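Asks: Output the structure for:
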Amino acid sequence: MFRIITIEREFGSGAGDIARELASRLGWKLWDNSVTEEIARLAQVDSSEVRRCDERMDSSLYRLAKVFWRGSYERSMPVGSGRGFDTDCMVEMMKEVIEKAAEEGNCVIVGRGSPYFLRERGDAFHVFLYARRAEKIQRLIKTGKSQKEAEELVDTVDQDRIAFVKHYFHADWPTRCLYHMMINTEMGDENVLATIQDTMRTLEGKPVHA
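Replies: Residues are numbered from 1 along each chain as shown. Have a look, this model is predicted:
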């Protein structure tokens, strides 16, 4: 039985809204911004330390870490601390938070390396969401981004994710063999949600409309 859903995504594909609705329908805990908040709590950092951390990190590590605030709706990841918080530390904490969430079960986890950290778990169902560039830009504009900002985010955030996964997991992004399904969100959020739930039930051997 699946107790965990991970949702990896192209930036702008609508995964945040889809994951939120999926968790609500299942009555499961959503781990999206809450992963960021928990890492910040463990690191004992606040947003005022971000700038100091940025100055200490070399450009390559800064670029890798940046994906976790540029690629999320919260737009600011509090990283930095008196004990030398950097990307390596962030990844260690991320692994700890995600594995703890998985042990508790009944959760939907958005990104943050979750399909890689949980790839050996038989109770985890892994989904990758994507869309055409134009569709992603339009989704972002609907959230209040300008045309220019939406285009810049779509063209750069996923490049950061590629670099992050290559550096920390020695894999290409997306790693297609990790996912039970890859869905184009242009089919509509409702259809995406139904497809995820129906496929999970099918794999569990349950009636689709139970």
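Asks: Every contact and neighbour count from this point should use C-alpha atoms.
Replies: Will do.
Asks: how about the top helix by length along the chain: buried residues?
Replies: In the chain, taking DSSP state H as the definition, the longest helix is helix 147-169. Under the neighbour-count criterion of 16 or more other CA atoms under 10 Å, helix 147-169 has 150-151, 153-154, 157-165 buried.
Asks: With stretch 130-143 instead?
Replies: Buried, per 16+ other CA under 10 Å, within stretch 130-143: 130, 131, 133, 135, 136, 137, 138, 139, 140, 141.
Asks: do stretch 25-38 as well
Replies: Using 16+ other CA under 10 Å as the test for burial, stretch 25-38 gives 28, 29, 30, 31, 32, 33, 35, 36.
Asks: Closest one to residue 203 out of these, please.
Replies: In terms of CA to CA, no member of the buried residues of stretch 25-38 lies closer to residue 203 than residue 28, at 19.1 Å.
Asks: Could you report the distance from that closest one to residue 107?
Replies: Counting by CA to CA, to the nearest Å, the gap from residue 28 to residue 107 is 5 Å.
Asks: again with residue 185
Replies: Distance from residue 185 to residue 107, counting by CA to CA: 21 Å.
Asks: pLDDT, distance to residue 207 and secondary structure for the buried residues of stretch 25-38 - can I get that in TSV?
Replies: Converted to TSV, the buried residues of stretch 25-38 look like this (pLDDT from 0 to 100; distance: CA to CA, whole Å; DSSP: H, G, I helix; E, B strand; the rest coil):
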residue	pLDDT	distance to residue 207	secondary structure
28	98	20	coil
29	97	24	strand
30	97	25	strand
31	94	28	strand
32	88	29	coil
33	78	33	helix
35	76	33	helix
36	74	36	helix
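Asks: just those residues now: which is nearest residue 204?
Replies: Distance to residue 204, by CA to CA, is smallest for residue 28 among the buried residues of stretch 25-38, at 17.6 Å.
Asks: For this structure, name the helix or strand with the lowest mean pLDDT.
Replies: One helix or strand of the chain scores below all others by mean pLDDT, DSSP states H and E: helix 50-56, with a mean of 32.
Asks: So which elements touch the longest helix of the chain?
Replies: When contacts are defined as 3 or more CA pairs under 8 Å, 6 or more residues apart in numbering; DSSP states H and E, helix 147-169 packs onto helix 59-70, helix 133-142.
Asks: Would you single out the least confident of these?
Replies: Among the helices and strands packed on helix 147-169, helix 59-70 carries the lowest mean pLDDT, a mean of 58.
Asks: which intervals of the chain have sub-threshold pLDDT?
Replies: Across the chain, the ranges flagged by pLDDT under 70 are 46-86, 208-210.
Asks: Report the central residue of it.
Replies: In the chain, the centroid-proximal residue (CA atoms, centre = their mean) is residue 111; its distance is 1.8 Å.
Asks: Which helix or which strand is home to residue 8?
Replies: Counting by DSSP states H and E, the element that carries residue 8 is strand 4-9.
Asks: Touching that strand from outside, list them.
Replies: The contact list for strand 4-9, computed with CA atoms under 8 Å, 6 or more residues apart in numbering, reads 15, 19, 102, 105-111, 114-115, 123-130.
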